[in-house]
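Chemist: no FASTA, just this:
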Ligand SMILES: C[S@@+](CC[C@H](N)C(=O)[O-])C[C@H]1O[C@@H](n2cnc3c(N)ncnc32)[C@H](O)[C@@H]1O
């Protein structure tokens, strides 16, 4: 998936941001982020965690974030500006399309508040210095990157010796919503086969070995499962990969897909269960 796919998805992202943030909150807690002087959020999307970090961070801690989608960078910037201008003025999600489109990416408020967000690819971040950060977080990003080794090399480079990395990668076989959507897509004749196969990182052993390979030490890794707040058929949960397929399909196929999806949502609710997503989370240190 290239950055255009994510640009298009940025509008839906505002609505579903609560779920991935659950992984991030656990990760930040495990990393003890309140002790850090400089934090990097790599692949930050709409920056849903940034207001929380600013409120809880150590005095003078600097938060830097990047995403390769310019629309996501605008969304994160607009949210932060709204927060900095008026922290008590309602939900950040009530931000308008115009506020996002016209956002001032160079507002002096960002520097004053030690916040920076820029367009950048996690595989190559020449904008950032060697040994700059105490914490590097990347939630639900590394599995999407073309060359994961380059991403990890960059993470290692920008971290200070003794600095900590925290990453979250979804377990493909543990994503019930994704597998249900896939089933409905196949039944509606939109796709033939499972489009998103498990990557080479699907188990604890895979991810731990990957981190060791890149020089990290003191690895702690856990599986975590979270619910989606999905109680009705909801367009926001059609993930970007599926959205592209639906946009090109015939009306009959789209209708058939939605009717299948609707009954799957209802079946789940009849069991009094939510849809869930599972991920592998990991924290580790760059050696001193
Ligand atoms: C599933 S979202 C996760 C975003 C965010 N970390 C969160 O927890 O909500 C994936 C994000 O990674 C970004 N992304 C994907 N590949 C990237 C890359 N190579 N460099 C930077 N950002 C990337 C996408 O634009 C998207 O915003």
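Modeler: Right, received. Where do you want to start? Values in this document were obtained by computation on a predicted structure and should not be read as measured data. Numbering: from 1, shown residues only.

Chemist: does the ligand sit close to the lengthiest strand in the chain?
Modeler: Scanning the chain for the longest strand, with DSSP state E as the assignment, gives strand 159-175. No - under the criterion of C-beta under 6 Å from any ligand atom, the ligand is not reached by strand 159-175; the shortest gap measures 7.4 Å. For the C-beta atoms, the positions are set from N, CA and C on the backbone; glycine is no exception.

Chemist: shift numbering so it begins at 35
Modeler: From this message on, residue numbering opens at 35, which makes the last subject strand 193-209.

Chemist: list the buried ones in that strand?
Modeler: Buried residues in strand 193-209, defined by neighbour count with 16 or more other C-beta atoms under 10 Å: 193-194, 197-206, 208-209.

Chemist: Same list (the residues you listed) but as CSV, adding pLDDT.
Modeler: Shown next, in CSV, are these (pLDDT from 0 to 100):
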residue, pLDDT
193, 98
194, 98
197, 98
198, 98
199, 98
200, 98
201, 97
202, 96
203, 93
204, 90
205, 89
206, 82
208, 83
209, 85
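
Chemist: So residue 90 sits against residue 67, correct?
Modeler: Yes - judged on C-beta atoms under 8 Å, residue 90 makes contact with residue 67 at a distance of 7.5 Å.

Chemist: could you show me where the strands are in this structure, in order?
Modeler: For the chain, strands defined by DSSP E occupy the ranges 72-76, 96-101, 149-153, 167-173, 193-209, 251-261, 310-319.

Chemist: list the contacts for residue 98?
Modeler: Contact analysis of residue 98 by C-beta atoms under 8 Å, 6 or more residues apart in numbering lists 72-75, 149-152, 162, 167.

Chemist: rerun that using 6 Å as the cut-off
Modeler: For residue 98, the contacting residues are 74, 150, by C-beta atoms under 6 Å, 6 or more residues apart in numbering.

Chemist: what bridges to it?
Modeler: residue 74, residue 150 (DSSP bridges).

Chemist: Looking at the buried residues of strand 193-209, which one is closest to the ligand?
Modeler: Of all the buried residues of strand 193-209, residue 202 has the smallest distance to the ligand: 7.4 Å, by C-beta to the nearest ligand atom.

Chemist: Wait, the closest one touches residue 175, no?
Modeler: No - with contact defined as C-beta atoms under 6 Å, residue 202 and residue 175 do not form a contacting pair (8.4 Å).

Chemist: residues in contact with the closest residue to residue 296 other than its chain neighbours?
Modeler: Excluding the flanking residues, the one nearest residue 296 by C-beta to C-beta, 6 or more residues apart in numbering is residue 267, at 4.6 Å. Contact analysis of residue 267 by C-beta under 6 Å, 6+ apart lists 295-296, 299.

Chemist: Okay, and which of the residues you listed map to helices?
Modeler: In helices, defined here by DSSP state H, the members of these are 295-296, 299.

Chemist: can you tell me which of the residues you listed lies nearest to the ligand?
Modeler: Nearest to the ligand, judged by C-beta to the nearest ligand atom, of the ones in helices among the contacts of residue 267 is residue 295 at 20.4 Å.

Chemist: Number of residues surrounding the closest one?
Modeler: Look at residue 295: counted by other C-beta atoms under 10 Å, it has 21 neighbours.

Chemist: same thing with residue 70?
Modeler: When neighbours are counted by other C-beta under 10 Å, residue 70 registers 22.

Chemist: wait, isn't it in contact with residue 169?
Modeler: Yes - here residue 70 reaches residue 169: they are 4.6 Å apart, a contact under C-beta under 6 Å.

Chemist: Those residues of the stretch 35-184 of the chain touching the ligand, which are they?
Modeler: Contact residues (C-beta under 6 Å from any ligand atom) of the stretch 35-184 of the chain with the ligand: 37, 40, 51, 54, 58, 77-79, 82, 101-103, 106, 155-157, 173-175, 178-179.

Chemist: Narrow those residues to just the buried residues.
Modeler: Buried among those (16+ other C-beta under 10 Å): 40, 51, 54, 58, 77-79, 82, 101-103, 106, 155-157, 173-175, 178-179.

Chemist: Lovely, talk soon.
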